[in-house]
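**Student:** Just the structure for this:
(chains A and B)
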Amino acid sequence: MVNTVQRLAYKAFGLQIYSELPLPELPLTDQPGLIGSISVIQADLAERWANIPKVSLSLGLLGNEVMFEIKDTAIFSVQDGNTIVVSPAAHADEDCIRLFILGSCMGILLMQRRVLPLHGSALVIDKKAYALVGRSGAGKSTLASYLMDQNYRLISDDVIPVMVQNGHPLAVPGYPQQKLWQQSLDYLGMSSSSYRPLFQREAKFAVPVHDRFHAEPLPLAGVFELAVSSDSPITVQPIQGMERFHTIFNHTYQKHVVSHLGIMEWHFSLIASFVNRLPIYRLTRPEQGFSAPEQAALVLETIHNQVEER
Amino acid sequence: MNNTNMLSLESVLVQQAGNIASDMDGEKVMLNVKNGKYYNLGEVGGEIWNALASPAPVSLVVETIKDNFEVSAELAERDVFSFLQHLLEEDLIEFVSRP
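**Tutor:** Sure, this is the predicted structure:
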């Protein structure tokens, strides 16, 4: 007999996600995703973790499987680009486990599927996607949040799956939530008491953004790398030549596993296939003070000029 | 490094291992895994690089460039020597023999 029961699954990162663990921040779907369908299951991984060859204390690799351990939280196994296995620690914080499923695990899984996970926030500006990348604390989320207040929609926060079609990069939506640091919440005038901490040990807060989320893939038309300088004014400069490879490599989510997965060649060739059609800029801001409005103005002006030049 | 002074038409050279190369809209781009540096060899440079996939004398590389890009022997020789010296300086190719 044909089983006609429609199992509901979650939708995020271009994936249809069948999950044994509740992922309440994700919308539901009964459609296979643009990138495919995957499963998140729960199992005891203690023995598997003990036996897998380690490349570091907390990272193990064997064939198409990547395992990592977050102490007091869980052991995770990401397999074949289609399965995430979670083995929670006793008394682990569920929010924290989900943070790793929807972050680190997704980054690794996307690479196993040969989809580039860019680390940053992506927004819709003039019907195209623009990514904000930069190291932790550079101000990605704050600038993204400010732009969202100006009615620009969020495509993804933290992990941006990038697919390449005919030499053109496409940004795939993540899920409708934004992570913010305590400091930027204060600047933006939201009360942090109404949002729940993502992870108890980090002062980061999860902000649902259902009404300001763009759920369809869009061409990625530009990347802004945010940088901080002690006393520089706010400036924007194009990143050119081979430095663009470095920028994309640097802001690939879970970039440290690229070489371990044996996919450096794929990663490099993928960047080469689209980098000439992707303007990349460095946006430098002063260390002190809240300059999101000026940064946003400069980003919008740069995009406007870029469109004029075409 | 006096490697470069030794370069002659009879020198036999080969690519160093450990580079990842790809095509970027007709130009050869490369990542040296060891030093983490990125290179754009360009179109002509890419042909020179390809010609050294297995050990080859400089004279053969000059021939390849002369034929592929329809330039004079003199110009091909000058360009190839200058480019090979860059590749040697960056440790991207090595001598197999240097008569």
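**Student:** Dihedrals phi and psi, residue B:7?
**Tutor:** Torsion angles at residue B:7 (phi, psi; degrees, to the nearest 10) stand at phi -70, psi 120.
**Student:** What number of residues are in the vicinity of it?
**Tutor:** Other residues near residue B:7 number 18, with proximity taken as other CB atoms under 10 Å in any protein chain shown. For the C-beta atoms, the positions are set from N, CA and C on the backbone; glycine is no exception.
**Student:** helices or strands next to the strand or helix carrying residue A:48 in the packing?
**Tutor:** Element membership for residue A:48, per DSSP states H and E: helix A:46-51. Secondary-structure packing of helix A:46-51 (3 or more CB pairs under 8 Å, 6 or more residues apart in numbering or on different chains; DSSP states H and E): strand A:65-70, strand A:74-79.
**Student:** Please repeat the previous calculation with a cut-off of 10 Å.
**Tutor:** Based on contacts counted as 3 or more CB pairs under 10 Å, 6 or more residues apart in numbering or on different chains; DSSP states H and E, the elements that helix A:46-51 packs against are strand A:59-62, strand A:65-70, strand A:74-79, strand A:83-88.
**Student:** Could you list the paired strands of the first one along with their orientation?
**Tutor:** For strand A:59-62, the paired strands and their directions (DSSP bridges) read strand A:54-56 (antiparallel), strand A:65-70 (antiparallel).
**Student:** Using CSV, write out every CA atom in stretch A:42-50.
**Tutor:** Written as CSV, here are the backbone C-alpha positions of stretch A:42-50 (Å, rounded to 0.1, in the frame of the first residue of the first chain):
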residue,chain,number,x,y,z
GLN,A,42,18.6,12.1,17.4
ALA,A,43,20.8,9.2,18.4
ASP,A,44,23.6,8.3,20.8
LEU,A,45,26.9,9.2,19.2
ALA,A,46,29.2,8.5,22.1
GLU,A,47,30.8,5.4,20.6
ARG,A,48,30.9,6.8,17.1
TRP,A,49,32.6,9.9,18.4
ALA,A,50,35.1,7.9,20.4
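**Student:** Rounded mean pLDDT for that stretch, please.
**Tutor:** Mean pLDDT, stretch A:42-50: 97.
**Student:** now swap in stretch A:300-310 and tell me
**Tutor:** Per-residue scores along stretch A:300-310 average to 85.
**Student:** same thing with stretch B:82-99?
**Tutor:** On average, stretch B:82-99 scores 93.
**Student:** Does it reach chain A?
**Tutor:** No - Stretch B:82-99 lies apart from chain A when judged by CB under 10 Å from any CB of the partner chain; the minimum separation is 12.6 Å.
**Student:** What lies in contact with that stretch?
**Tutor:** With contact meaning CB atoms under 10 Å, 6 or more residues apart in numbering or on different chains, stretch B:82-99 is reached by B:1, B:3-19, B:30, B:32, B:34-35, B:37, B:39, B:41-42, B:44-45, B:47-49, B:52, B:54-58, B:61-62, B:65.
**Student:** which parts of chain A sit against chain B?
**Tutor:** A:167, A:241-246, A:249, A:259, A:264-277.
**Student:** what about residue 20, how many neighbours?
**Tutor:** I went with chain A, as the question did not name one. That count, for residue A:20 with other CB under 10 Å as the rule, works out to 11.
**Student:** look at chain B instead
**Tutor:** For residue B:20, the neighbour count with other CB under 10 Å is 17.
**Student:** correct me, but it touches residue B:32?
**Tutor:** Yes - Residue B:20 lies in contact with residue B:32 (CB atoms under 10 Å); the separation is 8.2 Å.
**Student:** Spit out the residues that contact those two alike.
**Tutor:** residue B:38.
**Student:** next one: phi and psi at residue A:243?
**Tutor:** The phi/psi pair for residue A:243 (degrees, to the nearest 10) is phi -60, psi -20.
**Student:** need the contact list for it.
**Tutor:** So residue A:243 contacts A:280, A:282, B:38 (CB under 10 Å, 6+ apart).
**Student:** May I have the residues that are in contact with the first one?
**Tutor:** In other words, residue A:280. Applying CB under 10 Å, 6+ apart, we find residue A:280 in contact with A:131, A:133, A:222-225, A:238-240, A:243-245, A:247-248, A:251.
**Student:** re the thing from before, so of the contacts of stretch B:82-99, which ones are in strands?
**Tutor:** Members of those lying in strands (criterion: DSSP state E): B:12-15, B:19, B:30, B:32, B:39, B:41, B:56-57.
**Student:** Can you give me the first-to-last residue distance of stretch B:65-84?
**Tutor:** 13 Å (CA to CA, to the nearest Å).
**Student:** ditto for stretch A:230-246
**Tutor:** Using CA to CA, one end of stretch A:230-246 lies 23 Å from the other.
**Student:** Next, the buried residues of that stretch.
**Tutor:** A:239, A:244-246 (16 or more other CB atoms under 10 Å in any protein chain shown).
**Student:** low-confidence ranges in chain B?
**Tutor:** Within chain B, the segments meeting pLDDT under 70 span B:1-5.
**Student:** got the residues of it near chain A?
**Tutor:** B:20-31, B:33, B:36-40.
**Student:** what is residue A:67 paired to in the beta sheet?
**Tutor:** Beta-bridge partners, per DSSP bridges, of residue A:67: residue A:60, residue A:77.
**Student:** isn't it right up against residue A:86?
**Tutor:** No - assessed by CB under 10 Å, residue A:67 is found out of contact with residue A:86, at 11.1 Å.
**Student:** Give me the common contacts of those two.
**Tutor:** What both residue A:67 and residue A:86 touch, as defined by CB under 10 Å, 6+ apart, is the set A:45, A:75-77.
**Student:** returning to what we had before: just the buried residues of the residues of chain B next to chain A.
**Tutor:** B:20-22, B:24, B:27-31, B:38-39.
**Student:** re the thing from before, for residue A:125, state which of the contacts of residue A:243 is nearest.
**Tutor:** The closest of the contacts of residue A:243 to residue A:125 turns out to be residue A:280 (CB to CB; 15.4 Å).
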